[in-house]
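[1] Got a sequence here, can you build the structure:
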Amino acid sequence: MSDYEPLLRRLIDAVTAVGSLRTDPWKKAAEAVPRHEFLRTGFFRAVPHTSPTAWAPVLQDQDGWLSACYADESLVTQIAGTIRPANIHGEIMREPTSSSTLPSLVLRMLEDLLVEPDMNVLEIGTGTGYSTAVLCARLGDDHVSSIEYDEGVAQQARDALSRLGTFPTLLTGDGLAGHEHGAPYDRIIATCAVHTVPATWLEQTQPGGHILTTIGGWLNASELVRLTVHEDGTASGPVLSGQVSFMLARPHLPPPIGLLPDLSAGNEREALIGADVLTDWTSRFVAQFAAPQAQHMQLRQGEQDEDVLIDAMTGSWAALYEENGRWIVRQGGPQPPWDAIEDHLGRWHAAGTPTVQKAAVRVTAQSQSIHWGHA
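    Alright, predicted model coming up:
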């Protein structure tokens with residue numbers, strides 16, 4: 001028995017116990033894929049008690065590398081867009097840009113994709129290639145296409161898949177554009193978050209097919225959604241889970257805010273809903289559908305703290321502060337963001353603040369919206 005096999009068996013048992021693996025076909029597929037093969041170039045481990053977070057490399061020849069490969073946790077594989085574990089001696093304080101997602105989430109998403117034999121699947125975000133390999137073990141190489149934005153990441157995945165004798169259609173490019181030449185697909189699955197669901201995904205999924213993706217926004221809340229594409233080219237479907245977090249697709253990262261507008265100008269009124277709602281994940285997720293381009297920051301203005309929302313695309317903004325137990329909002333620009341947020345959150349509150357699992361998302365080529373009840 002190989003050194004990794006007991007670790008893989010333990011991982012499969014663990015993700016089955018928590019309900020991520022639910023069916024025998026996916027269990028067999030997961031059992032056929034050694035995760036460590038996709039982490040041979042190492043990973044980064046967060047250094048405890050550092051702020052901002054520092055990252056230290058863990059390489060293949062170090063103690064604990066193999067067991068960590070089979071832990072149910074996400075492992076960062078790239079920092080700052082180009083830096084790999086072998087490039088660092090010591091620690092680095094930059095943002096992660098690629099990772100191997102925790103297996104329980106990967107396998108749960110594959111279960112949630114609702115695939116059947118002979119279906120064709122497009123994966124957006126090859127990453128290390130681990131999820132690609134599980135898809136191939138389930139469906140066969142000829143039914144899987146995967147596209148990766150980063151050329152270096154794509155090459156590492158290609159190398160790992162080749163070592164296992166797995167040869168799906170691997171592409172390098174902007175996954176938001178999909179892959180028209182392989183369309184239509186029965187399923188599209190994204191291993192990165194999107195700010196808005198691309199119209200190309202709707203076009204490249206055949207009617208009745210599913211798109212499984214995490215929708216996230218610039219207020220830093222995201223959820224997993226399974227959309228069914230309709231004959232008219234729109235799509236709708238349920239929110240599947242609470243607080244699933246993926247890195248945003250790089251083209252969907254927020255733009256620089258630039259120069260702040262004059263926050264002393266604008267129209268002021270008492271707010272119906274205070275900025276304290278932005279501390280709640282679900283409230284932020286709902287608010288993002290109302291103000292999808294808004295970014296949140298906290299500023300000290302004179303003697304008071306203000307929560308500020310900036311839409312760098314339109315120049316609209318809102319500043320909120322608390323005074324004598326009341327929230328005051330001051331807004332400017334063509335599309336006052338807090339008006340829209342209050343409307344969305346007000347309707348959510350009127351519905352009894354249901355959990356996101358009772359929500360549905362509707363997507364067209366031009367917009368996306370959230371609803372409670374049937375999509």
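[2] so Thr101 touches Asp72, yeah?
    No: the pair Thr101 and Asp72 does not pass the contact test of C-beta atoms under 8 Å, sitting 10.4 Å apart. Just so you know, the C-beta spots here come from the backbone N, C-alpha and C atoms, and that holds for glycine as well.
[3] More neighbours: these two, which one.
    For Thr101 and Asp72, the more surrounded residue by other C-beta atoms under 10 Å is Thr101, and the numbers stand at 23 against 16.
[4] what residue ranges in the stretch 251-375 of the chain score low on pLDDT?
    Under the criterion of pLDDT under 70, the regions of the stretch 251-375 of the chain flagged as low confidence span 373-375.
[5] again, only using 50
    Per-residue confidence of the stretch 251-375 of the chain (counting by pLDDT under 50) places the weak regions at 374-375.
[6] I'd like the distance between Val239 and Arg326.
    In this structure, Val239 lies at 33 Å from Arg326, with C-beta to C-beta, to the nearest Å as the measure.
[7] okay, these two: which has more neighbours?
    Each of Val239 and Arg326 has its neighbours counted (other C-beta under 10 Å); Val239 has more, 22 against 10.
[8] Quickly list what that one is bridged to.
    Each beta-bridge partner of Val239 is listed here: Val225, as defined by DSSP bridges.
[9] Report the secondary structure state of Leu227.
    Each residue gets one of three states, and Leu227 gets strand by DSSP: H, G, I helix; E, B strand; the rest coil.
[10] That one contacts Val197, doesn't it?
    Yes: assessed by C-beta under 8 Å, Leu227 is found in contact with Val197 at 7.0 Å.
[11] show me what contacts Ser104?
    With contacts taken as C-beta atoms under 8 Å, 6 or more residues apart in numbering, Ser104 has the following neighbours: 14-15, 18, 20, 72.
[12] change it to 10 Å
    Each residue near Ser104 by C-beta atoms under 10 Å, 6 or more residues apart in numbering is listed here: 11, 14-21, 72-73.
[13] Report the mean per-residue pLDDT for the helix or strand hosting it.
    Under the criterion DSSP states H and E, the helix or strand holding Ser104 is helix 103-112. The pLDDT scores in helix 103-112 average 96.
[14] packing partners for the next helix or strand after it?
    Following helix 103-112 in sequence order, the next helix or strand is strand 121-124 (DSSP H and E). The helices and strands touching strand 121-124, judged by 3 or more C-beta pairs under 10 Å, 6 or more residues apart in numbering; DSSP states H and E, are helix 130-139, strand 144-148, strand 169-172, strand 185-194, helix 199-204, strand 205-216.
[15] same thing but at 7 Å, please
    helix 130-139, strand 144-148, strand 185-194 (3 or more C-beta pairs under 7 Å, 6 or more residues apart in numbering; DSSP states H and E).
[16] List the contacts of the first one.
    I take that to be helix 130-139. 25-26, 29-30, 32-33, 35, 38, 100, 106, 110, 115, 119, 121, 123, 126, 144, 146, 157, 161, 164, 166, 168, 191 (C-beta atoms under 7 Å, 6 or more residues apart in numbering).
[17] Among those, name the buried ones.
    Neighbour counting by 16 or more other C-beta atoms under 10 Å classes 26, 29-30, 33, 35, 38, 100, 106, 110, 115, 119, 121, 123, 126, 144, 146, 157, 161, 164, 166, 168, 191 among the contacts of helix 130-139 as buried.
[18] Show me the contact partners of the helix or strand hosting Glu342.
    If you go by DSSP H and E, Glu342 is part of helix 337-350. In this structure, residues lying in contact with helix 337-350 by C-beta under 7 Å, 6+ apart are 271-273, 277, 283, 286-287, 289-291, 294, 309, 311, 316, 318, 320, 329, 331.
[19] Mind giving me the PyMOL select for the residues you listed, buried ones only?
    One line in PyMOL is enough to select the buried ones among the contacts of helix 337-350; burial here means 16+ other C-beta under 10 Å:
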select buried, resi 271+273+277+283+286+287+289+290+291+294+309+311+316+318+320+329+331
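[20] So which of the contacts of helix 337-350 are in strands?
    Among the contacts of helix 337-350, the residues falling in strands (DSSP state E) are 294, 309, 311, 318, 320, 329, 331.
[21] Please tell me how far the first one sits from Ile328.
    The span separating Ala294 from Ile328 equals 18 Å under the rule C-beta to C-beta.
[22] about what we covered before: hey, C-alpha coordinates of the helix holding Glu342 in CSV?
    Output in CSV follows, covering the C-alpha atoms of helix 337-350 (Å, rounded to 0.1, in the frame of the first residue of the first chain):
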residue,chain,number,x,y,z
PRO,A,337,-26.6,53.3,-3.6
TRP,A,338,-28.2,53.4,-0.2
ASP,A,339,-31.6,54.0,-1.6
ALA,A,340,-31.3,50.8,-3.6
ILE,A,341,-29.9,48.9,-0.7
GLU,A,342,-32.7,49.9,1.6
ASP,A,343,-35.2,48.8,-1.0
HIS,A,344,-33.7,45.4,-1.4
LEU,A,345,-33.1,44.8,2.3
GLY,A,346,-36.5,46.2,3.1
ARG,A,347,-38.2,43.6,0.9
TRP,A,348,-36.0,40.9,2.4
HIS,A,349,-37.0,42.0,5.9
ALA,A,350,-40.7,42.1,4.8
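[23] Just give me how far the next helix-or-strand element following it sits from the chain centre.
    The first helix or strand that comes after helix 337-350 along the chain, using DSSP H and E, is strand 359-363. Distance, stretch centre to chain centre, for strand 359-363: 16 Å (C-alpha atoms, centre = their mean, to the nearest Å).
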